[in-house]
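J.: Below: sequence and its predicted model.
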There are 2 protein chains.
Amino acid sequence: MLTEQMILRIPGPTPVPPRVQLAMQQPMIGHRDPETSDLLKQVGPGLQQLFGTTQQVSIVAGSGTSGLEAAVINTVAPGEKVIVCVTGAFGERFVSICKSYEIDVVVLEEQWGEAVNADRLKKSLLEHSDVTAVFLTYCETSTGVLNPIEKLSSVVHKYSDALVIVDAVSCLGGVETKLDDWGLDIVVTGSQKALMLPGGLMFVAFSERARAKMEANPRPRFYLDLLKYDKASKEFSTPFTPATSLLFGLQEVVQLLAEETIEGVYDRHRLMREMTRRGLEAMNLNLLATDAVASPTVTAFTVPTVEAKQVRKALKEQFGIRIAAGQGHQKDTVLRIGHMGYCTATDVLTVLTALEIVLMDLGHTFSPGAGTVAAQQVFLKKGTGVHV
Amino acid sequence: MLTEQMILRIPGPTPVPPRVQLAMQQPMIGHRDPETSDLLKQVGPGLQQLFGTTQQVSIVAGSGTSGLEAAVINTVAPGEKVIVCVTGAFGERFVSICKSYEIDVVVLEEQWGEAVNADRLKKSLLEHSDVTAVFLTYCETSTGVLNPIEKLSSVVHKYSDALVIVDAVSCLGGVETKLDDWGLDIVVTGSQKALMLPGGLMFVAFSERARAKMEANPRPRFYLDLLKYDKASKEFSTPFTPATSLLFGLQEVVQLLAEETIEGVYDRHRLMREMTRRGLEAMNLNLLATDAVASPTVTAFTVPTVEAKQVRKALKEQFGIRIAAGQGHQKDTVLRIGHMGYCTATDVLTVLTALEIVLMDLGHTFSPGAGTVAAQQVFLKKGTGVHV
């Protein structure tokens, strides 16, 4: 094999487009110089469109987890009660963070592979009328479930005054997100998923309600104090040294997304989801999530007849294709294909056809070529409203 | 002017070497894949040499300030008393962080441009026998003072059991640092200074004494929990998504420094300091720090006859050279030239000769060419033990 080749189909980091790589080659600039202000000014509207907000989007040097922590510590005071809706590993991360910070956590857990149940959430809100925030995971990276954030947010607002706090790390930029219209109070994402950048940046936007809560919240914080970033953002600056090369890349990402149009980007992600899902099904593989809650950015599945790690190993060794294992208790059973960011129908076909070879070789039974054909059929029906 | 040219002589971010830029172009890799472990394994010894330690050096996605905060919150419990030695803006930042976190702060302040006075520190330690940590700034970026860390650390250990916590952001990689030999308990640095990378990485190493204090410290923390990073480092991993492109660059930086030899790197920085200082003096400019405490990485000075901002403006507009203003109350009076990282004698000569033109043009009086000649003389005496 041409061992140099690395086909990254994990749910982040995702491949970086050549134009973005090139942009990151620019010589350093002073972060207190007009060049940096101009850059921040230029990327602002594109980020606001992705977040669906007229609020500022702050850019922080840190990973997605720093964003989850920022959402927690800025809004929830010690001793307050919150609901964390857990549908997988990243819901659990919210729980861990909250528990680290002396927060009274009501955990509303679903089976991994299922979405948050709106009725259970309603019941929980009625039972715990004193919760000050509800934490939701938009795309649960570990299971490929896209939680119905708009609906869940409306439930929270109908039955409580709690803030709606959303981890959108593994989908923002690939899936419609409407902070303002859906009444979301904080939305957090990272650079290395649908935003097609290397890891190292965290993005966050918040509502006026969240701002008021932050201003009243006595909990100490410094580097992750979101009010500091928000204030600096308004002046097209950052409170601390930014990750400048990633900002250069971001500028190009915003441009790339604008060229495709944001609706085009979301359509492409839905197409990739459908191709992946119909393809895997046709190979007699079991999808972890149902169609109704499947994320356009990542698909989790199990192989009924073969050890998951054998499949990953063969894809890597024979084709240079990296797919991900499951997380937590699903580490040895689940496989995940990332199809977000710099990824097209062609990339999905590549992984599916290679996967067919691997499964045939490992003795898994299905109609040869069925997965590829099913994905091709999805592509052919593109734009007809069927499937996609 | 060729307006595209950007000659960055500010004290960070510093220019990124072409080889490092090229390294950062590598395609993304999975952060839980062996490629990332191999990378972390490979950079480890080089980082340990720079920190002067056999302890692990942890790599965090964040800016230098995230490192200062990490040093504070991991080691100091709420209500504890600390001494912060303030010699400029970054000493003040330690004060701000400590005050944000309900810490009883004894501020030991010096005039900006002076180093921490060991006798005053001793007196303060005797007066406040209950301090649990002393915070020091190795190179105070705002004034170009290199505090005598080895000596100060010995004073702390002689008169107290306090931890010695060092901000080495603007000098580590350009100046000898000996965590183990000097009895330092935490040393923090950033990527965008002498380490020649873009901003976005923070590095930290700590002693066993510091570890014990961290383990006993009940203060909540999550993203900046250094024990998490330390544990992961030992397994050549990171607890959260790393800034992968910067890690690629780091690999090349470690290689570049090894090729020059670490002593060669430190010699070069001392040479640049002496050339800069003798050159500025010969132009009848006033150096903020004395020779005894001058940092090899950044030099601050004032112009007795001309407004500082006029000098910066002319250097930028006529030569594309960026030097920095002062910080805090010295914003309008002080100028700073960064000479660290990807910077050589040639670069120092460039900024000095251009500065001469600018000063002559603005009517500042000095013997024409005197600054350049003084710097040249330093270069000629290199290796003779005189000046350098």
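T.: Thanks, I have it.

J.: Am I right that A:Gln55 is in contact with A:Val204?
T.: No: if you go by C-beta atoms under 8 Å, A:Gln55 and A:Val204 don't touch, sitting 10.0 Å apart. No exception for glycine: its C-beta is placed from N, CA and C like everyone else's.

J.: domain assignment for chain A?
T.: Split into domains by the TED database, chain A comes to A:7-13+A:261-382, A:18-259.

J.: what's the nearest residue to A:Leu125 if we skip its chain neighbours?
T.: A:Tyr159 (4.1 Å; C-beta to C-beta, 6 or more residues apart in numbering or on different chains).

J.: In contact with whichever residue of the stretch 51-200 of chain A sits closest to chain B, which residues?
T.: Nearest residue of the stretch 51-200 of chain A to chain B, counting by C-beta to the nearest C-beta: A:Gly200, 3.0 Å away. Counting by C-beta atoms under 8 Å, 6 or more residues apart in numbering or on different chains, A:Gly200 touches A:61-63, A:191-192, A:243, A:246, B:61, B:200-201, B:242-246.

J.: Report the distance from the longest helix along chain A to the chain centre.
T.: Secondary structure assigned by DSSP state H gives helix A:262-282 as the longest helix of chain A. Here the centre of helix A:262-282 is set off from its chain's centre by 16 Å, with C-alpha atoms, centre = their mean, to the nearest Å.

J.: Just confirm A:Thr238 is within a helix.
T.: No: counting by DSSP: H, G, I helix; E, B strand; the rest coil, A:Thr238 falls outside a helix, being coil.

J.: so what does the helix or strand encompassing A:Ala133 touch, helix or strand wise?
T.: Using DSSP states H and E, the element containing A:Ala133 is strand A:131-137. Applying 3 or more C-beta pairs under 8 Å, 6 or more residues apart in numbering or on different chains; DSSP states H and E, we find strand A:131-137 packed against helix A:64-75, strand A:81-86, helix A:89-100, helix A:118-127, helix A:149-159, strand A:163-167.

J.: So which residue is dead centre in chain A?
T.: A:Ser170 (1.2 Å; C-alpha atoms, centre = their mean).

J.: and the closest residue to that residue other than its chain neighbours, what is it in contact with?
T.: Leaving out its chain neighbours, the residue that sits closest to A:Ser170 by C-beta to C-beta, 6+ apart is A:Thr141, at 4.1 Å. Neighbouring residues of A:Thr141 by C-beta under 8 Å, 6+ apart: A:11-12, A:88-90, A:169-170, A:298, A:327, A:336.

J.: Please apply the same query to A:Ala258.
T.: A:Gly46.

J.: and what of A:Asp361?
T.: A:Asp361 neighbours (C-beta under 8 Å, 6+ apart): A:Ala314.

J.: And it, how far from chain B?
T.: 22 Å (C-beta to the nearest C-beta, to the nearest Å).

J.: what pLDDT does that residue get?
T.: A:Asp361 carries a pLDDT score of 98 in this model.

J.: what about A:Glu215, how many neighbours?
T.: 9 (other C-beta atoms under 10 Å in any protein chain shown).

J.: what pLDDT, on average, does the strand holding A:Ala133 get?
T.: The pLDDT scores in strand A:131-137 average 98.

J.: Quick check: next helix or strand after it?
T.: strand A:139-140.

J.: Quick check: A:Val204 touching A:Tyr229?
T.: Yes: look at A:Val204 against A:Tyr229 with C-beta under 8 Å: they come within range, at 7.4 Å.

J.: With neighbour numbers in mind, choose between the two.
T.: A:Val204 (29 against 24).

J.: now A:Asp181, nearest residue through space, not along the chain?
T.: Using C-beta to C-beta, 6+ apart, the closest residue to A:Asp181 is A:Gly52 (6.3 Å).

J.: got the residues of the stretch 1-150 of chain A near chain B?
T.: Counting by C-beta under 8 Å from any C-beta of the partner chain, the stretch 1-150 of chain A comes close to chain B at A:6, A:8, A:10, A:12-16, A:21, A:24-25, A:27-33, A:35, A:61-66, A:69, A:96-97, A:100-102.

J.: show me where pLDDT drops low in the stretch 151-300 of chain A?
T.: Within the stretch 151-300 of chain A, no range satisfies pLDDT under 70.

J.: Quick one: the strands in it, in order.
T.: A:163-167, A:186-190, A:201-206, A:286-287, A:298-302 (DSSP state E, counting those that start in this stretch).

J.: which residues touch A:Thr177?
T.: Counted by C-beta under 8 Å, 6+ apart, A:Thr177 has contacts A:50-52, A:138, A:149, A:168, A:171, A:184, A:187.

J.: Kindly apply the preceding question to A:Arg221 instead.
T.: Per C-beta under 8 Å, 6+ apart, neighbours of A:Arg221: A:70, A:73-74, B:100.

J.: got the angle for the longest helix of chain A vs strand A:298-302?
T.: The directions of helix A:262-282 and strand A:298-302 differ by 10 degrees, with axes from the mean of the first three to the mean of the last three C-alpha atoms, to 10 degrees as the criterion.

J.: and helix A:262-282, what other elements does it pack with?
T.: strand A:286-287, strand A:298-302, helix A:345-361, helix A:370-381.

J.: hmm, back to that, out of the strands of the stretch 151-300 of chain A, which comes closest to A:Leu362?
T.: strand A:298-302 (14.0 Å; C-beta to C-beta).

J.: Name the residues that touch that closest one?
T.: A:11, A:113, A:139, A:141-144, A:170, A:273, A:276-277, A:280, A:285-289, A:308, A:326, A:330, A:333-340.

J.: A:Ala89 contacts A:His329, doesn't it?
T.: No: using C-beta under 8 Å, A:Ala89 is not in contact with A:His329, being 9.5 Å away.

J.: Which of those two has more residues huddled nearby?
T.: A direct count of neighbours by other C-beta under 10 Å for A:Ala89 and A:His329 places A:Ala89 higher, at 19 against 10.

J.: give the contact list for A:Trp247.
T.: Residue A:247: Leu, not Trp. Here A:Leu247 is in contact with A:36, A:39-40, A:43, A:59, A:201 (C-beta under 8 Å, 6+ apart).

J.: distance of the closest residue to A:Ile262 other than its chain neighbours from chain B?
T.: Nearest residue to A:Ile262 in three dimensions, chain neighbours excluded: A:Gln49, at 6.0 Å (C-beta to C-beta, 6+ apart). The spacing between A:Gln49 and chain B, counted by C-beta to the nearest C-beta, is 24 Å.

J.: about what we covered before: what angle separates the longest helix of chain A from helix A:345-361?
T.: 10 degrees.

J.: and A:Val166, what does it touch?
T.: Contacts of A:Val166 (C-beta under 8 Å, 6+ apart): A:136-138, A:149, A:184, A:186-188.

J.: Could you work out the most separated pair of the contacts of A:Arg221?
T.: A:Ala70 and B:Ser100 (14.6 Å).

J.: So for those two, which residue has more residues nearby?
T.: Using other C-beta under 10 Å as the criterion, A:Ala70 and B:Ser100 rank with A:Ala70 on top: 26 against 16.

J.: Just to check, that one is in contact with A:Val204?
T.: Yes: assessed by C-beta under 8 Å, A:Ala70 is found in contact with A:Val204 at 6.2 Å.

J.: Overlap in contacts, the two.
T.: Joint contacts of A:Ala70 and A:Val204 (C-beta under 8 Å, 6+ apart) are A:60, A:188, A:226.
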